[in-house]
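[1] Would you be able to build a 3D model of this:
(one chain, ligands or ions: 1)
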Amino acid sequence: MTLESRERAHAIRRTRRFRRTPALRSLVRETRLDPRSFVQPVFIDARATSETPIPTLPGQSRWPIDAAAGLAVRAAKAGIGGLLLFGLPDDKDDRGAAAADPLGPVPRALRAMRAAAPGTVLIADVCLCEYTTHGHCGVLRAGEVDNDETLPLLSQAAVAYAEAGADVVAPSDMMDGRVAAIREALDATGRRDTAILSYAAKFASSFYGPFRAAADCAPQSGDRTGYQMDPANRREALLEGAIDVVEGADAIMVKPAGPYLDVIAAVRVRADVPLAAYQVSGEYAALHAAAEHGWLDLRGAALESLVAIARAGADITITYFALEAAAWLRE
Ligand code: PBG
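    Numbering: from 1, shown residues only. Predicted coordinates for the structure are as follows:
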């Protein structure tokens, strides 16, 4: 029997035909990575006087406020979708008051970035944990995070960032009702055009470790399981997304990304708003650590992790690889 007749007899489907050349593979590629959908997190440190590399996040730094303008120009030139700002304040207190200080690191950086790169999308993370002495994302009362007492503080921070030029505010605290509270505060201060990207499904993850070292925001006692989600729950992520959209979220997020691709896919089919996924510090640091040992190829593994997040259904990917991956994709 010839090969041709055997092929007909058994109706072999030769899927390798479209894998033969780079051009054929490119023609049938289902998911394409686009730097315009990447968001780069940046750490603005009120106390830094020069770029300070972050040991837990190879290739990432804490930046002084006067470096902000240059970062925004760099993001615009790289063609990425935007920047997500985190702040390290001069001083902390038990209520995280510095989060809403109009002269704090994030508002000052936003003003400089807005002036230097007017078209760049600027997103400000809204949370208290970088600003509280105890490191929790809300105000403590009898050792517990008090949900409703935290809401006005988050709202004041969001208004401060909107007034400083943020296009989008992104609450990451996981308090109930914070999207509605922030929307009301923004509208009441004439900031109707500021969008809210809520960290709707933010899991109590061990993958945040390198970030907490970078942003100096680890809880000093206990953990975040009383407000962040149980990693075992997918249905609850759909509920969180639905609640935040009803409260007024313009876009929602799943975080972390790589270990939660099923959650991204499930939220994608249920929600009509733009969906972001955050490839968090531990995902990034783990790839770097393995690559440093020579155990995997950083560029290949990083791009594969990003295409997986896009394939799962994320419209926006927040990733520490954003600037670097944009350069890789241009080559
Ligand atoms: C603040 C916040 C955290 C991250 C983003 N915003 C830390 C946390 O919740 O403990 C984690 C980001 C990352 O790991 O890259 N609430």
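
[2] Only C-alpha atoms from now on, for both contacts and neighbour counts.
    Noted.

[3] How about the residues of the stretch 201-331 of the chain by the ligand?
    208, 211-212, 280-281 (CA under 6 Å from any ligand atom).

[4] Now that we have these, which of them are buried?
    208, 211-212, 280-281 (16 or more other CA atoms under 10 Å).

[5] Output these as TSV; include the columns secondary structure and pLDDT.
    TSV is the format used below for those (DSSP: H, G, I helix; E, B strand; the rest coil; pLDDT from 0 to 100):
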residue	secondary structure	pLDDT
Tyr208	helix	97
Phe211	helix	95
Arg212	helix	92
Val280	coil	98
Ser281	helix	98
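
[6] quick one: which two of those residues are the most distant?
    Farthest pair in those (CA to CA) is Arg212 and Val280. Separation: 11.0 Å.

[7] And stretch 90-108, what's buried?
    For stretch 90-108, the buried set under the neighbour-count rule, 16+ other CA under 10 Å, comprises 92, 94-102, 104-108.

[8] hmm, it touching the ligand?
    No. Judged by CA under 6 Å from any ligand atom, stretch 90-108 stays clear of the ligand, getting no closer than 11.8 Å.

[9] Would you mind writing the CA trace of stretch 298-311 as PDB?
    Output in PDB follows, covering the C-alpha atoms of stretch 298-311 (Å, rounded to 0.1, in the frame of the first residue of the first chain):
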ATOM      1  CA  LEU A 298      13.800  33.800  29.800                       C
ATOM      2  CA  ARG A 299      12.600  35.400  26.600                       C
ATOM      3  CA  GLY A 300      10.900  32.300  25.300                       C
ATOM      4  CA  ALA A 301       9.300  31.500  28.700                       C
ATOM      5  CA  ALA A 302       8.200  35.100  29.200                       C
ATOM      6  CA  LEU A 303       6.600  35.500  25.800                       C
ATOM      7  CA  GLU A 304       4.900  32.100  26.200                       C
ATOM      8  CA  SER A 305       3.500  33.100  29.600                       C
ATOM      9  CA  LEU A 306       2.100  36.300  28.000                       C
ATOM     10  CA  VAL A 307       0.500  34.600  25.000                       C
ATOM     11  CA  ALA A 308      -1.200  32.200  27.400                       C
ATOM     12  CA  ILE A 309      -2.700  35.100  29.300                       C
ATOM     13  CA  ALA A 310      -3.900  36.700  26.100                       C
ATOM     14  CA  ARG A 311      -5.200  33.300  24.800                       C
END
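
[10] How about it, which residues are buried there?
    By 16+ other CA under 10 Å, the buried positions in stretch 298-311 come out as 298-299, 302-303, 305-311.

[11] got a list of contacts for that stretch?
    31-33, 257-258, 261, 264, 277, 287-288, 291, 316-317, 321, 325, 328 (CA atoms under 8 Å, 6 or more residues apart in numbering).

[12] Name only those of those residues that count as buried.
    Of these, these count as buried by 16+ other CA under 10 Å: 33, 257-258, 261, 264, 277, 287-288, 316-317, 321, 325.

[13] Cys129 falls within a strand, correct?
    No. Using DSSP: H, G, I helix; E, B strand; the rest coil, the assignment for Cys129 is coil, not a strand.

[14] mind listing what it touches?
    So Cys129 contacts 96, 135-138, 217-219 (CA under 8 Å, 6+ apart).

[15] one more time with 10 Å, if that's ok
    Residues in contact with Cys129 (CA atoms under 10 Å, 6 or more residues apart in numbering) are 88, 92, 94-96, 99, 135-139, 172-173, 212, 215-219.

[16] which residue ranges form the strands in the protein?
    Using DSSP state E, the strands of the chain run over residues 38-45, 52-53, 61-63, 82-88, 122-126, 139-141, 144-146, 168-171, 195-202, 251-255, 275-279, 316-319.

[17] so how far is the first one from its chain's centroid?
    Read that as strand 38-45. Mean C-alpha position of strand 38-45 versus that of the full chain (CA atoms, centre = their mean, to the nearest Å) differs by 9 Å.

[18] Just the CA coordinates for it, please, in PDB.
    C-alpha atoms of strand 38-45 as PDB (Å, rounded to 0.1, in the frame of the first residue of the first chain):
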ATOM      1  CA  PHE A  38       0.700  45.700  28.000                       C
ATOM      2  CA  VAL A  39       0.900  47.800  31.100                       C
ATOM      3  CA  GLN A  40       4.100  48.300  33.000                       C
ATOM      4  CA  PRO A  41       4.000  48.600  36.800                       C
ATOM      5  CA  VAL A  42       6.300  51.300  38.200                       C
ATOM      6  CA  PHE A  43       7.400  52.000  41.800                       C
ATOM      7  CA  ILE A  44       7.800  55.700  42.700                       C
ATOM      8  CA  ASP A  45       9.700  56.100  45.900                       C
END
